[in-house]
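>>> quick one, what's the 3D model for this:
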Amino acid sequence: MIRPAALVVFGAMEDRRRILVHAFAILTLAFALGLVAGPLGQQGHAHARLWLGAHITGITIGTLLIGVGLVRPHLHLGAMASRVFFLAAVGGNWVGMLVLGIYASAIGAGTPIVTPNLPPPHGVHAAVIVSALVVVTVTTFVMCGLALWGLRKSAAGGSLSPSA
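Model (predicted):
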């Protein structure tokens, strides 16, 4: 019987490769956003700071995912925890990039500190942005919690804590 691709359990090395692919895809998108932010800034466009923020956010997210991908083989997680870790790391960061980076910049949804001349988002736009903030916050805590849990013991069975 052939199992659907969504149900196939990948090993840590395959997860590492898949996370790194997503990391470099996000970095490529972030660098492309830099090509948008530069000309908008030179023209004095009202959304220029938002696009610059999306560019920097993408670079930060991509760099974080590179670190997550490189540490993945060292995490001792079960099958379900591995799936949750992957989805939290990749899914949460794509939501952050696409919604909080690109969508928020496109609609001009900035904070008063970053863009004091733009009005705050209302209605559906505000709901989408707040929902994305919740998703990104929860998935980031889940990813970090699972990483800490997966690092609790070394491959030899000993604790990684300095007191052990």
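>>> give the rounded mean pLDDT of stretch 142-160.
Throughout stretch 142-160, pLDDT has a mean value of 77.
>>> once you drop chain neighbours, what's closest to residue 87?
Distances taken as Cβ to Cβ, 6 or more residues apart in numbering put residue 139 closest to residue 87, at 7.8 Å, once the chain neighbours are dropped. (Each C-beta comes from the backbone N, C-alpha and C, glycine too.)
>>> so who does the one you found touch?
Listed by Cβ atoms under 8 Å, 6 or more residues apart in numbering, the contact set of residue 139 reads 87-89, 91-93, 95.
>>> mind doing that once more with 10 Å?
Counting by Cβ atoms under 10 Å, 6 or more residues apart in numbering, residue 139 touches 84, 87-96.
>>> save these as a markdown table, and put in secondary structure too.
Compiled in a markdown table, the contacts of residue 139 are given as follows (DSSP: H, G, I helix; E, B strand; the rest coil):
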| residue | secondary structure |
| --- | --- |
| 84 | helix |
| 87 | helix |
| 88 | helix |
| 89 | helix |
| 90 | helix |
| 91 | helix |
| 92 | helix |
| 93 | helix |
| 94 | helix |
| 95 | helix |
| 96 | helix |
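>>> show me which of those are buried.
Buried by 16 or more other Cβ atoms under 10 Å: 84, 88-90, 92-96, out of the contacts of residue 139.
>>> quick check: next helix or strand after the helix or strand of the chain with the lowest mean pLDDT?
Least confident element among the helices and strands of the chain, by mean pLDDT, DSSP states H and E: helix 104-107 (a mean of 86). Heading C-terminal from helix 104-107, the first helix or strand you meet, by DSSP states H and E, is helix 123-150.
>>> for that following helix, the distance to its chain's centre please.
Put simply, helix 123-150 sits 9 Å off its chain's centre (Cα atoms, centre = their mean, to the nearest Å).
>>> just the buried residues of that helix, please?
For helix 123-150, the neighbour count (16+ other Cβ under 10 Å) marks 128-129, 132, 135-136, 139-140, 142-143, 146-147, 150 as buried.
>>> follow-up on the earlier one: which of the contacts of residue 139 sits closest to residue 67?
Of all the contacts of residue 139, residue 89 has the smallest distance to residue 67: 10.2 Å, by Cβ to Cβ.
>>> the closest one and residue 130: what is the separation?
Distance, residue 89 to residue 130, by Cβ to Cβ, to the nearest Å: 22 Å.
>>> just flag the most distant two among the buried residues of helix 123-150.
128 and 150 (32.0 Å).
>>> fine by me, thanks again.
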